[in-house]
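Participant: What follows is a protein structure lacking sequence information:
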């Protein structure tokens, strides 16, 4: 039972991130943002959820929030000795017009 619970917990950020993408495509950025935020609460370095949250913020005309999401992701990844994927960095630039 413990192993099953651990597998479920490990996959939850991925499931929430995927659901955020689906709801974003369905035109519900508020729900997408909540789902992506929940995924990032569980795994602050989960890039798909960060990208979904950045797009949700953009859809709600909150570019500063998209920039904060990218900064938080960058910090979480830096703690792991990593940096954002090129796809994530490109999305950040496209949505905010910023280089960092």
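Facilitator: Perfect, I can see it now. Just so it is clear, the structure is predicted and the values come from calculations on it, not from any experiment. Numbering: from 1, shown residues only.
Participant: longest helix in this protein, by residue count?
Facilitator: helix 2-25 (DSSP state H).
Participant: if we look at the lowest-mean-pLDDT helix or strand in the chain, which residues are touching it?
Facilitator: Lowest by mean pLDDT, DSSP states H and E among the helices and strands of the chain is helix 2-25, with a mean of 91. Around helix 2-25, the neighbours that count as contacts under C-beta atoms under 8 Å, 6 or more residues apart in numbering are 29, 31-33, 35-36, 38-40, 42-43, 46, 48-49, 52-53, 55-56, 59. In short, each C-beta sits where N, CA and C put it, glycine included.
Participant: Inside helices: which ones of the residues you listed?
Facilitator: Using DSSP H, the contacts of helix 2-25 in helices are 29, 31-33, 35-36, 38-40, 42, 48-49, 52-53, 55-56, 59.
Participant: Among the contacts of helix 2-25, name the buried ones.
Facilitator: 29, 31-33, 35-36, 38-40, 43, 46, 48-49, 52-53, 55-56, 59 (16 or more other C-beta atoms under 10 Å).
Participant: in this protein, what spans have low per-residue confidence?
Facilitator: Filtered on pLDDT under 70, the chain yields the residue ranges 99-100.
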